[in-house]
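> I need the structure of the sequence given here:
(4 chains)
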2 protein chains.
Amino acid sequence: MLTNYSLVFQESNRQKSIVAAIKHAESLCMAENQNFTALRRLVFEIIWENSVPLGAYEVKGILSRKTNKSVDPPTVYRAIEFLMGLGLVTKISSLNAFIGCPFPSSTRSNFFMICNECKRVAEVSSSEIDNEIKSIAGKLSFASERQQIEIFGTCISCKTDK
Amino acid sequence: MLTNYSLVFQESNRQKSIVAAIKHAESLCMAENQNFTALRRLVFEIIWENSVPLGAYEVKGILSRKTNKSVDPPTVYRAIEFLMGLGLVTKISSLNAFIGCPFPSSTRSNFFMICNECKRVAEVSSSEIDNEIKSIAGKLSFASERQQIEIFGTCISCKTDK
DNA sequence: TCTTATAATGTTATATTATAACATATTAAT
DNA sequence: ATTAATATGTTATAATATAACATTATAAGA
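Next up is the predicted model:
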């Protein structure tokens, strides 16, 4: 089963999803007894408002502009760490950049399609992939804890643009 | 079809594979009209001699000791870039570290199982995974060019050690 | 063989990404 | 109010990576 795969490549869906994502983040923090502070919310919004993964220092710059004061790296990294811990944001490690997670953590494949042209990312959730990975890990007697799948290429709109 | 998945977790296989890998690298360079220079060979050996992924600066340190002279970062990064271009070495981006590729590039899934305890890496080649990714990309009309799959967990020997 | 072109390496400097360590402030619990 | 816990501010620096240019080695053409 492949779900939600067009989410991030389609701007309209993404706009809607930001609002939903903030609500989701709020209730998740509530449930986990975590504090969704103003700073964390700002960083969350900055990352979610962008259709492309942002580097920590880009977030820092935007945050600095939004708050009209200088921001130091640990401020950003700490907020990102917090958000990643809750599965609200993920790092695309090949890019050293961060992007919002459209899926609740329980159903996440950590599977990303990254367009080399427009840099936008689609997160995909696929039980087939997940099961196949489980099966391979089983054969290796490898106890898998976390997976990260990054596919680079060209998305449909960048292909048709040419 | 799942192939070669025990390669890197098993020390004996790895030792054998180094010799084979050097021969493979030599003939590949020959075929591609590329120069397998002393420096590149050294870096290749350093990366292949280790069962765990090495950071560029670790390679730098080892290289420096082996050659008894100081080595600057670009020296290492350039050699690594060269080796990656030929598919002889891969970067594990979550670790900012490099490891030898046991597969010829044509058959590579870029699929790594990374043990959090011993840090060793098994590269897996799975046509099921590759096909499933192709199928998902197809549904998204995404022209995929490169994939990188990183699974973190605990390997069998670290599990039984406890 | 000499000369030129190309490829590879050396070198310096600096950019980019990330974290450690400690100070201060805010919030929640007693 | 006081203490404890959590979050943020601040300074400094570690770790990773690349740009730009100089030099050397190798290969190719005259």
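
> hmm, stretch A:17-36 touching DNA strand D?
Yes: contact of stretch A:17-36 with DNA strand D (C-beta under 7 Å from any atom of the strand) involves A:34, A:35. Where you see a C-beta, it was placed from the backbone N, CA and C, and this is true even at glycine.

> how far out from the middle of the chain is that stretch?
Centroid displacement of stretch A:17-36 relative to its chain, using C-alpha atoms, centre = their mean, to the nearest Å, is 15 Å.

> List the buried residues in that stretch.
Residues of stretch A:17-36 classed as buried by neighbour count (16 or more other C-beta atoms under 10 Å in any protein chain shown): A:17, A:21, A:22, A:24, A:25, A:28, A:29, A:36.

> Phi, psi for the third one please.
Reported as degrees, to the nearest 10, the phi and psi values for residue A:22 are phi -60, psi -40.

> What is the nearest of the buried residues of stretch A:17-36 to chain B?
For those, the minimum distance to chain B (C-beta to the nearest C-beta) is 17.1 Å, reached by residue A:17.

> which one in chain A is furthest away from the centre?
No residue in chain A sits farther from the centre than residue A:139, which is 30.0 Å out by C-alpha atoms, centre = their mean.

> Please name the bridge partners of residue A:148.
residue B:150 (DSSP bridges).

> Give me the neighbour count for it.
Residues lying near residue A:148 (other C-beta atoms under 10 Å in any protein chain shown) number 21.

> Tell me who's in contact with it.
Contacts of residue A:148 were listed using C-beta atoms under 8 Å, 6 or more residues apart in numbering or on different chains, and they are A:93, A:110, B:94, B:149, B:150, B:151, B:152.

> change it to 10 Å
Contact partners of residue A:148, counting by C-beta atoms under 10 Å, 6 or more residues apart in numbering or on different chains, are A:90-94, A:109-112, B:93-94, B:112, B:148-152.

> now residue A:58
Taking C-beta under 10 Å, 6+ apart, we find residue A:58 in contact with A:46, A:47, A:50, A:52, A:76, A:97, A:98.

> Can you tell me the element it falls in?
helix A:56-67 (DSSP states H and E).

> Residue A:121 against residue A:90, yeah?
Yes: if you go by C-beta atoms under 10 Å, residue A:121 and residue A:90 touch, sitting 9.4 Å apart.

> anything in contact with each of the two?
Joint contacts of residue A:121 and residue A:90 (C-beta under 10 Å, 6+ apart) are A:53, A:97, A:99, A:100, A:112.

> so how many other residues sit close to the residue nearest to residue A:116 when sequence neighbours are not counted?
Nearest residue to residue A:116 in three dimensions, chain neighbours excluded: residue A:152, at 5.7 Å (C-beta to C-beta, 6 or more residues apart in numbering or on different chains). Neighbour count of residue A:152, defined by other C-beta under 10 Å: 17.

> before we move on, what about the one 5 residues further on?
Each residue near residue A:157 was counted by other C-beta under 10 Å, and the total is 15.

> if I look at it, how far off is DNA strand C?
25 Å (C-beta to the nearest atom of the strand, to the nearest Å).

> Angles on the backbone of that residue, please.
Dihedral angles (degrees, to the nearest 10) for residue A:157: phi -70, psi -30.

> and the gap between it and residue A:122?
11 Å (C-beta to C-beta, to the nearest Å).

> same deal with residue A:18?
16 Å.

> Which neighbouring elements make contact with the helix or strand where residue A:129 lies?
When elements are assigned from DSSP H and E, residue A:129 belongs to helix A:127-139. Contacts defined by 3 or more C-beta pairs under 10 Å, 6 or more residues apart in numbering or on different chains; DSSP states H and E place helix A:127-139 against strand A:2-3, strand A:111-115, strand A:143-154, strand B:2-3, strand B:111-115, strand B:121-126, helix B:127-139, strand B:143-154.

> could you say what helices and strands the second one packs with?
It stands for strand A:111-115. Partner elements for strand A:111-115 (3+ C-beta pairs under 10 Å, 6+ apart): strand A:89-92, strand A:97-100, strand A:121-126, helix A:127-139, strand A:143-154, helix A:156-161, helix B:127-139, strand B:143-154.

> and it, how far from the chain's centre?
11 Å.

> Isn't residue A:81 up against residue A:75?
No: between residue A:81 and residue A:75 there is no contact under C-beta under 10 Å: 11.1 Å.

> Those two: which has the busier surroundings?
residue A:75 (16 against 12).

> Spell out which parts of chain A neighbour DNA strand C.
A:55, A:56, A:57, A:72, A:73, A:74, A:77, A:81, A:91, A:96.

> Hmm, the second one is touching residue A:84, no?
No: when contacts are counted by C-beta under 10 Å, residue A:56 is not listed as touching residue A:84 (11.5 Å).
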